[in-house]
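A.B. asks: kindly generate the corresponding structure for this input.
(one chain, ligands or ions: 1)
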Amino acid sequence: MLKFYHAPWSRSSSILWLIEELGIDYELVHVDIRAEGGVPEDYRRIQPNKKVPAIEYNGVVVTERPAITIFLADTFPEAGLAPALTDPDRGPYLSMIVYLASVLDPCITMHAKGYTSYESNDHAFGLFDDMVAYLERVLSERPYAAGNRFTAADVQLASSLQFTMNIIGILPKKPVFQEYLDRIGERPAAVRASQKDAEMAAHVPALQEFFAQMNK
Ligand SMILES: N[C@@H](CCC(=O)N[C@@H](CS)C(=O)NCC(=O)O)C(=O)O
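C.D. replies: Residues are numbered from 1 along each chain as shown. Predicted structure coming up:
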């Protein structure tokens, strides 16, 4: 059975959504990344930086969201979430999955920290504005991340847009982004994942403290 190392309300929540889309059995292992004293050292044998997500399947460990996304969608092809190797959508599909982790994610993090004045060539992830313009262009040209149908790349793209634009407010609110999120809509798997996340979050001591402070 698939083992899924997860912490609620984190980058691994997008993988929880993907696993729910696949409709497979899995064992969820909660890694409390917010625990006092940090994540136990022995988790490093699964994830070298003690981060989530990670998965273990048939004795094989896979880490990093793009690798996990590609691995799972290919391993469970009956869900129809991965374009075949010969499908022309395969290139845009792979590119988008990797782009989100290697370009969007660091651009957003740097922007949030106020690190905005650098040249494109200074960093492999390039400029924030170029990233925004690229995603705007892609979503003006096609309805989904890789073409005309929903794929595993959309789980990553929709999760990233929702979090960075509507939750932390770093990505500019472009109409094309919101139209895309509306097009994806409330997929049953996404609703299930978000309910599971909320139930888990309710038992995380650091999050309980956070909400207690907020409600004061
Ligand atoms: N490059 C990793 C990053 C994952 C990541 O940043 N996870 C965060 C949660 S959002 C984490 O586990 N942080 C715990 C820590 O660094 O101790 C991926 O994309 O899979």
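A.B. asks: check what pLDDT the closest residue to the ligand within the chain gets.
C.D. replies: Nearest residue of the chain to the ligand: residue 51, at 3.2 Å (CB to the nearest ligand atom). Glycine gets a C-beta too; all of them are placed from N, C-alpha and C. pLDDT, residue 51: 98.
A.B. asks: what of residue 93?
C.D. replies: For residue 93, pLDDT reads 98.
A.B. asks: which stretch of helix or strand covers it?
C.D. replies: For residue 93, the host element (DSSP states H and E) is helix 90-99.
A.B. asks: please tell me how far that helix is from the chain's geometric centre.
C.D. replies: Counting by CA atoms, centre = their mean, to the nearest Å, helix 90-99 is centred 14 Å from the centre of its parent chain.
A.B. asks: buried ones in it?
C.D. replies: Buried residues in helix 90-99, counted by 16 or more other CB atoms under 10 Å: 90, 92-94, 96-99.
A.B. asks: what about the strands in the protein?
C.D. replies: 2-6, 26-30, 54-57, 60-63 (DSSP state E).
A.B. asks: output those in CSV; the columns should cover distance to the ligand and mean neighbour count.
C.D. replies: CSV is the format used below for the strands of the chain (distance: least, CB to the nearest ligand atom, whole Å; neighbours: other CB atoms under 10 Å):
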stretch, distance to the ligand, mean neighbour count
strand 2-6, 9, 21
strand 26-30, 12, 14
strand 54-57, 8, 21
strand 60-63, 6, 14
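A.B. asks: possible to save those as JSON lines with mean pLDDT?
C.D. replies: Formatted as JSON lines, the strands of the chain follow (pLDDT from 0 to 100):
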{"stretch": "strand 2-6", "mean pLDDT": "98"}
{"stretch": "strand 26-30", "mean pLDDT": "98"}
{"stretch": "strand 54-57", "mean pLDDT": "98"}
{"stretch": "strand 60-63", "mean pLDDT": "98"}
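A.B. asks: so which of those comes closest to residue 214?
C.D. replies: Residue 214 sits nearest to strand 26-30 of all these, at 22.4 Å, using CB to CB.
A.B. asks: what pairs with the closest one, and is each one parallel or antiparallel?
C.D. replies: The strands that strand 26-30 pairs with in its sheet are strand 2-6 (parallel) (by DSSP bridges).
A.B. asks: which other residues reach the partner strand?
C.D. replies: Residues from elsewhere that reach strand 2-6, judged by CB atoms under 8 Å, 6 or more residues apart in numbering: 12-13, 15-16, 19, 24-31, 43, 46-47, 52-57, 72, 200.
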